[in-house]
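> Please work out how this folds:
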Amino acid sequence: MSSKSALKAKLEPGQVEASTRPRALLQWYDRHRRRLPWRAAPGETSDPYRVWLSEIMLQQTTVKAVGPYFEKFVARWPDVSALGRASQDEVLRMWAGLGYYSRARNLHACAVAVTREHGGMFPDTEDGLRALPGIGPYTAAAIAAIAFDRRTMPVDGNIERVVSRLFSVEQELPQAKPVIQQLAATLLADTRAGDGKSRAGDSAQALMDLGSSICTPKKPACALCPLKEDCTARAQGTQETFPRKAPKKSGTLRRGAAFVVTRGDELLVRSRPDRGLLGGMTEVPGSDWLAGQEDAAAKQQAPALKGLSRWQRKVGVVTHVFTHFPLELVVYTAKAEARTRAPAGMRWVPIATLADEALPNVMRKVIAHALD
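The predicted structure is shown next:
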């Protein structure tokens with residue numbers, strides 16, 4: 001069945017109910033909306049900077065994890081122009097620990113572009129937003145709807161789940177995305193506030209909140225849902241089977257070695273290349289990460305320093321899972337003499353100030369394992 005046929009089949013039954021869904025959602029949202037640090041209070045105008053910053057941070061990350069980072073960012077850089085004047089290294093250091101570091105590089109590039117090319121003002125259309133670094137279709141729709149009241153429906157994971165259950169979308173993700181997008185758009189409210197603005201942003205946030213608090217992945221609280229009488233999956237008792245998803249393919253395990261060298265109370269580190277995985281982040285020296293790599297081959301890539309003690313292998317391995325592959329690192333430690341110079345491209349940093357370095361989580365694990 002084509003996407004158009006599937007959409008028609010979903011929409012034709014229950015047209016009366018369909019017309020009441022957006023209103024029911026907004027009534028529920030007005031009573032139960034979440035209080036989030038980036039969300040405008042009822043009656044207030046949304047700040048495009050805060051909406052954009054939160055949407056970038058929330059990609060692949062939970063609201064709970066994002067909250068403290070968001071607060072730190074807006075305290076340090078209260079608007080996009082302030083962020084645009086910061087260095088990428090400063091942004092990476094502030095971002096450290098939040099993961100998916102390409103987001104931080106894109107965040108900085110976008111802030112620079114908005115500052116230099118748009119006078120510190122975000123474009124107010126989806127097309128204009130999509131032309132900025134790091135802003136894809138979903139993020140552009142979210143900012144356009146929430147910050148600028150554009151009549152568009154962004155579809156995140158929460159909304160995918162709500163819509164796929166409400167309409168019993170049998171097609172598997174990601175192929176089902178176009179149909180879910182079209183069905184989600186039918187939930188946009190026509191209601192206009194007293195100032196003449198539509199409530200497109202509230203419609204989107206209502207679905208997000210519904211998916212987060214009621215229509216959860218497991219054990220959804222259907223009895224509390226404002227759409228429960230109109231939900232196909234609930235009627236069939238199949239809520240937890242939606243959305244349909246193709247089996248995930250796990251990446252091939254990669255292996256490597258990490259070399260933790262101390263000089264008194266200092267640690268030897270380097271910066272990764274700006275492009276690629278963990279681009280621009282701080283790390284201890286290490287080997288390549290390769291599938292099937294033997295420990296002996298990895299150890300051959302240890303940094304060469306004069307006056308270094310013998311390498312000591314720590315018991316156990318450090319494990320980490322990236323989006324496309326799992327990783328195992330053997331950790332070696334050694335001590336350098338007091339005046340040992342750092343090799344080219346590396347530097348000594350005080351262990352006491354490591355919290356200020358742009359260390360990704362995998363390196364934090366390595367250092368904790370080595371210094372334990």
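
> Could you verify my assumption that residue 242 touches residue 171?
No: if you go by C-beta atoms under 8 Å, residue 242 and residue 171 don't touch, sitting 10.7 Å apart. Placement of C-beta: from N, CA and C, glycine included.

> Enumerate every residue touching the closest residue to residue 330 other than its chain neighbours.
Leaving aside its sequence neighbours, residue 330 sits nearest to residue 257 (C-beta to C-beta, 6 or more residues apart in numbering; 4.8 Å). Counting by C-beta atoms under 8 Å, 6 or more residues apart in numbering, residue 257 makes contact with 286-287, 295, 298-299, 301-302, 329-332.

> show me where pLDDT drops low in the stretch 101-250 of the chain?
Low-confidence segments of the stretch 101-250 of the chain, defined by pLDDT under 70, span residues 191-197.

> cutoff 80 now
In the predicted model, the stretch 101-250 of the chain carries pLDDT under 80 at residues 190-198, 248-250.

> Per the annotation, how does the protein divide into domains?
As recorded under automatic domain parsing, the domains making up the chain are 3-241, 254-371.

> Which one of those lies nearest to residue 247?
domain 3-241 (9.5 Å; C-beta to C-beta).

> Centre of the chain to the closest one, how far?
Relative to the chain's own centre, domain 3-241 is displaced by 13 Å; criterion: C-alpha atoms, centre = their mean, to the nearest Å.

> One more: stretch 310-322?
For stretch 310-322, the distance to the chain centre is 27 Å (C-alpha atoms, centre = their mean).

> ok so, going back, could you dump the domains of the chain to JSON lines with distance to residue 247?
Listed next are the domains of the chain as JSON lines, based on distance: least, C-beta to C-beta, whole Å:
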{"stretch": "domain 3-241", "distance to residue 247": "9"}
{"stretch": "domain 254-371", "distance to residue 247": "16"}
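
> Relative to the centre of the protein, find the outermost residue for me.
Largest separation from the mean C-alpha position in the chain: residue 307, at 43.4 Å (C-alpha atoms, centre = their mean).

> Surely the residue nearest to residue 330 is in a helix?
No: assigned with DSSP: H, G, I helix; E, B strand; the rest coil, residue 257 falls outside any helix and is strand.

> between residue 242 and residue 171, who's got more neighbours?
residue 242 (26 against 17; other C-beta atoms under 10 Å).

> From residue 132, how far off is that one?
33 Å (C-beta to C-beta, to the nearest Å).

> quick one, phi/psi of the residue nearest the centre of the chain?
Nearest to the mean C-alpha position of the chain, by C-alpha atoms, centre = their mean, lies residue 59 at 2.3 Å. Phi and psi for residue 59, reported as degrees, to the nearest 10, are phi -60, psi 120.

> give the contact list for the nearest residue to it once chain neighbours are set aside.
Spatial nearest neighbour of residue 59, excluding adjacent residues (C-beta to C-beta, 6+ apart): residue 103 at 6.0 Å. Contacts here follow C-beta under 8 Å, 6+ apart; on that basis residue 103 touches 56-57, 59, 95, 134.

> between those residues, which is closest to residue 201?
Nearest to residue 201 among the contacts of residue 103: residue 56, at 17.1 Å, using C-beta to C-beta.
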